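Trainee: what follows is a predicted protein model with its sequence.
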Amino acid sequence: MELRTATAAEIRAAYDALLRVSFPPAELKPLRAILEMTEDGCYDPLILTDGGAVAGACFLWLGVPGWALLDYLCVAPDRRSGGLGGEMLRLMRAGYPGWTILAEAEAPAYAPDPAMAERRLGFYRRNGAALAGYDSEAFGVRYKTIYWPGGPVTDGELAVQHRFIYESRFGPEKYARYVRIPCPSGAEPMAQVPWDE
């Protein structure tokens, strides 16, 4: 098995075969945006290959050196429940040694399927993720913030780097309209809008 950066054609194929079936529309970036971000050098779309077949995808949104956001992690539907998600996380971390990698997992209290959201958080915890002391929100979806530290890190540092990843792509106006990092405790969720609004 190998986790490697996908070609543009492989990104398109993984988007259609894996991401579209694994993520609700409110959480899915347009393919055009993923391709643009990859061309801009701020995105690393990794695919897991096994015997030539694509078994999973692990897309990273890159921040300043040493920081990234795990944007998407999914396993091919016919390969689920076989440990490939955990293997991708292990390979991802090995490919980015010393980096702090953030992730967003749907907050169970706001999820359409709270039990599934809890299971997802449990999966990440079993695979070495720590829970940050703040939630985040993007385009009307509330998330628990999790991370794999590259070294000692505070919630304040996590939030600064987390914000930077979004702000560097959107600019301050779009960020202020659609993203909250950290999301204030008890705040009502924003209306869900498409990612490329």
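Mentor: Received, thanks. Numbers count the residues shown, from 1 in each chain.
Trainee: report the central residue of this structure.
Mentor: Nearest to the geometric centre of the chain sits D71, at 2.0 Å (CA atoms, centre = their mean).
Trainee: thinking that one is in contact with G63, fair?
Mentor: No: using CB atoms under 8 Å as the test, D71 is too far from G63 to be in contact (11.5 Å). Bear in mind the C-beta positions are built from the backbone N, C-alpha and C, glycine included.
Trainee: still on that earlier bit, mind checking how far the residue nearest to the centre of the chain is from G122?
Mentor: 20 Å (CB to CB, to the nearest Å).
Trainee: in the helix or strand harbouring R119, what's buried?
Mentor: In this assignment (DSSP states H and E), R119 forms part of helix 114-126. The neighbour-count check on helix 114-126 (16 or more other CB atoms under 10 Å) flags A117, R120, L121, Y124 as buried.
Trainee: any idea how far the first one lies from E27?
Mentor: It refers to A117. Distance from A117 to E27, by CB to CB: 12 Å.
Trainee: need the overlap of contacts for the two.
Mentor: Jointly contacting A117 and E27 under the rule CB atoms under 8 Å, 6 or more residues apart in numbering are E106.
Trainee: V64 contacts H162, doesn't it?
Mentor: No: using CB under 8 Å as the test, V64 is too far from H162 to be in contact (11.6 Å).
Trainee: give the contact list for the spatially closest residue to A14 that is not a sequence neighbour.
Mentor: In space, and not counting its chain neighbours, A14 is closest to A57: 4.5 Å by CB to CB, 6 or more residues apart in numbering. Contacts here follow CB under 8 Å, 6+ apart; on that basis A57 touches A6, A14, L18, L19, P45, L46, I47, L48, Y72, L73, C74.
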